[in-house]
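> just need the structure, nothing else, for what follows:
(chains A and B)
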Amino acid sequence: MTATDSPPDAGSLDATLDAAALAERVEQFLAEHDPSTTEPVEFLRARFAAGLAWVHYPAGLGGLGAENGLQAAVDAAFEAAGAPENKPRLNVIGLGMAAPTILRFGTEEQQQRWLPSLWTGEDIWCQLFSEPGAGSDLAGLATSAVRDGDEWVVNGQKVWTSMAHHARWGILVARTDPEAPKHRGLTYFVVDMSAPGVEVRGLRQITGEAEFNEVFMTDVRIPDDQRLGEVGQGWAVAQYTLMNERVAIGGGTLPRESGAAGALAARWREHPEARTPGLHDRMLRLWVQAEAARLTAERLGQQQAAGQPGPEGSGVKITYARLNQECSSLELELRGEDGLRYPDYTERRPEVEDYGSRDAGWRYLRFRANSIEGGTSEILRNVVAERVLGLPAEARADKDVPWKDLPR
Amino acid sequence: MSAPATPETGDLLYTDVEDDLRASVRALVDRQAPWDAVLRRTDTDDAVDTDLWKRLTQEIGVAGLAVPEERGGAGASWREVAVVAEELGRAVAPVPFLGTAVATALLLDLGSSDVTDELLAAVAAGERTAALAVGATRGAGRPVPVTVEQRGETLHGTVTAVVDAVTADVLLVPVDGGVAVVEAGGEGVTRTTAVSLDMTRRLTDLTLDGARGRVIEGADVDGGIERALRIGAAVLASEQLGLAERCLADTVSYLRERHQFGRPLASYQALKHRLADLWVAITQVRATARYAARCAADGSPDLPVAAAVAAAHGAEVALLAAEDALQLHGGIGFTWEHPVHLFLKRARADALVLGSADHHRSVLAELVDLPA
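Residues are numbered from 1 along each chain as shown, chains lettered A, B, ... in the order given. Below is the predicted model:
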């Protein structure tokens, strides 16, 4: 198995492809494929074939080897022309995490097999990482994969899997060597979610609904040609996937009073009868913090655009988690008696969430997860302390011990 | 009753010119005013490092950055002023930079006249120093009471707790309907230097009894004073940024060196998380202070909001940084012979100067339509 060794936007960068050249290609493509008369899937497949899907990907894989920064203008041009979407929110795991990992670690055959239908949204992807016994300590995971000829036999349970009930494919980290220390005994696979032995169950959460899933795998057989990277290299591949999780902070001007602070401020303006000096002070403190967080995110975007990626991303996530929680909590307090009512605890399977349109009580509950999902605030503080401030790691006992001997 | 509009943010990064300016100021300050020299001076009557100030103004030109070239300055902007403030805050340097910034902003706002032109050029060149005779805690957004009255040709009254007036050559004294330009060493002017919480920026109580001055009268003197105080708050936020960064950097180094229970203190998660939170808060102050400086530089209509946010946040974060620095240094940080108390006193004082965080939040409430 030969891994591609270059990240998406390095290597075959085509410097002649500037914004004007791309705009011309988009225009030509749109002239040949009228979005109003072409079937959406046909249109998206053609766009992929033309290299206008993700322009920084290599030619032949939906891109043209152009600069990453040129993508936004291409997307805007397609959107303005009324082109069909490739389910960017439903397939957020596929587009944001699986695809860069396949590009970085997949063989050419694997890339050709998975990337086209991933990008068009024909196949939704999910991520099978967290387990009941392995959250922050992901490398301690217990799902096992045992080799059997040209196949691997997988047994175990994954949890907090978004989109698993829609997904055709999943990216999976499993333990292939329990004798090795925990980081060294892992291997990364792509699993067919329709394979025998894969069972997806909704996981009801504190809001009442089931946004995430548990995935049970019982003797699931994965062909060896669905392995990404070398046997035992799974931790490095998984790290690469997770690194892509928080890459996109986005540039441009974020609106003042967007998000939870905006909902709080709107409530304040609409309900003078709820105002007290104590609540006023708390609200103003949060308003200042939200504005500071907004400007910090913008400054981070400017740094990234200027090619000075900073470690501020972890800080931005810690801040937004806390702000969402505190703003929605104060909003409930402003609501008084209404704050005691809740819209609906019926178990449902929500599609893509639009937080802004949801009731304050729902947001209060949902935002509790913000400081847990995608890296707990405690782990992110460790990241800042160790990688930014250069403070030493705490003494730990699990680095050189075979995984099977660790207390669990 | 609606959400405020979102102004364009502008450039929040540092330009190459700003980086070079920072390096020059830092090199000079590190050489001329290391913390032990700053500390020693606090035990003397010599409140201001006049030699350092001379070099800063005459070799680097820090007093003329925001003044256009045709008026005797360097023709840079408040962005560069803010970068200098970061460096001087980092060193708690005892020089009248903040007071000069406020006085300069007022002189620029008052427009061109014989008096202002000559004084502005002299201030920009570092030949003279001017201070606005307003109590240190007065902030933009609330009226500044006039406490000095004109009786015929002479001025009478007191102004307490004036910043950077100790060595000022000229005092800009608000009077009814104008600003009097008064020679600080002239007859009828008594300056009493107060023992101040922050001995690196000592306050002056000012009494005018028969002092003479040329009064600049203008339609909008009150507005000019308010705008000067606002620009002062924006500059102060950058000082707070530099101060907070210094506190964090010193604490990180100390915790890496200091061993207890057989481990560096820096390896304990309780302490690491505290420092991580502080770092996150400081990245925010960098963004808010840069935005306020950007708004001041470009004359943005969003400056009132930007300055209030930067000042409110900067005050609290700098104070947290200094208080955490003292706590995490343990006993050594409580001794006189350690720099942390210099940072703590500056941070505590800065959180009152040009308006407290509470002042700025209450002003903000009106600006963004979130009434009490």
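> who touches the residue nearest to B:Val195 when sequence neighbours are not counted in this structure?
Distances taken as Cβ to Cβ, 6 or more residues apart in numbering or on different chains place B:Arg202 nearest to B:Val195, at 7.9 Å, with adjacent residues excluded. Bear in mind the C-beta positions are built from the backbone N, C-alpha and C, glycine included. Contact analysis of B:Arg202 by Cβ atoms under 8 Å, 6 or more residues apart in numbering or on different chains lists B:Ala47, B:Val166, B:Thr193, B:Ala194, B:Val195, B:Ser196.
> PyMOL command to pick out the buried ones of the residues you listed?
Command for PyMOL that selects the buried part of the contacts of B:Arg202, burial taken from 16 or more other Cβ atoms under 10 Å in any protein chain shown:
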select buried, chain B and resi 47+166+196
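> quick check: the farthest pair among the contacts of B:Arg202?
B:Val166 and B:Val195 (12.3 Å; Cβ to Cβ).
> what ranges do the strands span in the chain?
You didn't pick a chain, so chain A it is. A:125-128, A:144-148, A:151-159, A:169-175, A:186-192, A:198-203, A:212-223, A:227-228 (DSSP state E).
> that was the other one, I meant chain B.
Under DSSP E, chain B gives strands at B:130-132, B:148-151, B:154-163, B:170-175, B:178-183, B:189-193, B:203-211, B:213-217, B:259-260, B:263-264.
> which of these sits closest to chain A?
For these, the distance to chain A is smallest for strand B:263-264, at 5.8 Å, taking Cβ to the nearest Cβ.
> mind listing the strands that closest one pairs with, and their directions?
strand B:259-260 (antiparallel) (DSSP bridges).
> quick check: mean pLDDT of the strand it pairs with?
With pLDDT averaged residue by residue, strand B:259-260 scores 96.
> which residues touch that strand?
B:Leu265.
> enumerate the residues of the stretch 1-150 of chain B near chain A.
B:Met1, B:Ser2, B:Ala3, B:Pro4, B:Ala5, B:Thr6, B:Glu8, B:Thr9, B:Asp11, B:Leu12, B:Leu13 (Cβ under 8 Å from any Cβ of the partner chain).
> look up how far chain B lies from the spatially most central residue of chain A.
The residue lying closest to the centre of chain A (Cα atoms, centre = their mean) is A:Glu245, at 4.4 Å. Remark: distance between A:Glu245 and chain B (Cβ to the nearest Cβ, to the nearest Å) = 19 Å.
> state the mean pLDDT of the longest helix along chain A.
Secondary structure of chain A per DSSP state H: the longest helix is helix A:277-305. Helix A:277-305 shows a mean pLDDT of 94.
> now check it, is it near chain B?
Yes. Judged by Cβ under 8 Å from any Cβ, helix A:277-305 comes into contact with chain B through A:277, A:280-281, A:283-285, A:287-289, A:291-293, A:295-296, A:298-299, A:302-303.
> buried ones in that helix?
Buried, per 16+ other Cβ under 10 Å, within helix A:277-305: A:280, A:282-304.
> need the contact list for B:Ser196.
B:Arg202, B:Leu203, B:Ala349.
> got TSV for these, with distance to A:Ser328 and pLDDT too?
Converted to TSV, the contacts of B:Ser196 look like this (distance: Cβ to Cβ, whole Å; pLDDT from 0 to 100):
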residue	distance to A:Ser328	pLDDT
B:Arg202	46	97
B:Leu203	43	98
B:Ala349	36	98
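> what's the closest of those to A:Asp354?
Closest to A:Asp354, out of all of the contacts of B:Ser196 and judged by Cβ to Cβ, is B:Ala349, at 46.8 Å.
> which residues sit in contact with the closest one?
So B:Ala349 contacts B:Ser196, B:Leu197, B:Asp198, B:Arg201 (Cβ under 8 Å, 6+ apart).
> greatest separation within the residues you listed: which pair is it?
B:Leu197 and B:Arg201 (9.5 Å).
> for the nearest residue to A:Arg363 once chain neighbours are set aside, give its distance to A:Asp338.
Among residues not flanking A:Arg363 along the chain, A:Ser328 sits closest, at 4.5 Å (Cβ to Cβ, 6+ apart). A:Ser328 sits 14 Å away from A:Asp338, going by Cβ to Cβ, to the nearest Å.
> list the residues that contact both of those two?
With Cβ under 8 Å, 6+ apart, A:Ser328 and A:Asp338 have no common neighbours.
> neighbour-wise, which of the two wins?
A:Ser328 (27 against 13; other Cβ atoms under 10 Å in any protein chain shown).
> what about chain A, any weak spots by pLDDT?
A:1-15, A:246-252, A:309-311, A:352-353 (pLDDT under 70).
> would you map the helices across chain B?
So, for chain B - with DSSP H - the helices run B:16-32, B:35-42, B:50-55, B:78-90, B:97-110, B:114-124, B:221-257, B:269-298, B:303-329, B:340-350, B:357-367.
> do the same with the stretch 51-200 of chain A
A:71-80, A:92-93, A:99-105, A:108-120 (DSSP state H, counting those that start in this stretch).
> CA atoms of the first one as CSV?
Below are the C-alpha coordinates for helix A:71-80, written out as CSV (Å, rounded to 0.1, in the frame of the first residue of the first chain):
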residue,chain,number,x,y,z
GLN,A,71,-12.4,27.9,-3.3
ALA,A,72,-14.7,30.4,-1.8
ALA,A,73,-15.0,32.4,-5.0
VAL,A,74,-15.8,29.2,-6.9
ASP,A,75,-18.5,28.2,-4.5
ALA,A,76,-20.0,31.7,-4.6
ALA,A,77,-20.1,31.6,-8.3
PHE,A,78,-21.9,28.2,-8.4
GLU,A,79,-24.3,29.3,-5.7
ALA,A,80,-25.1,32.6,-7.6
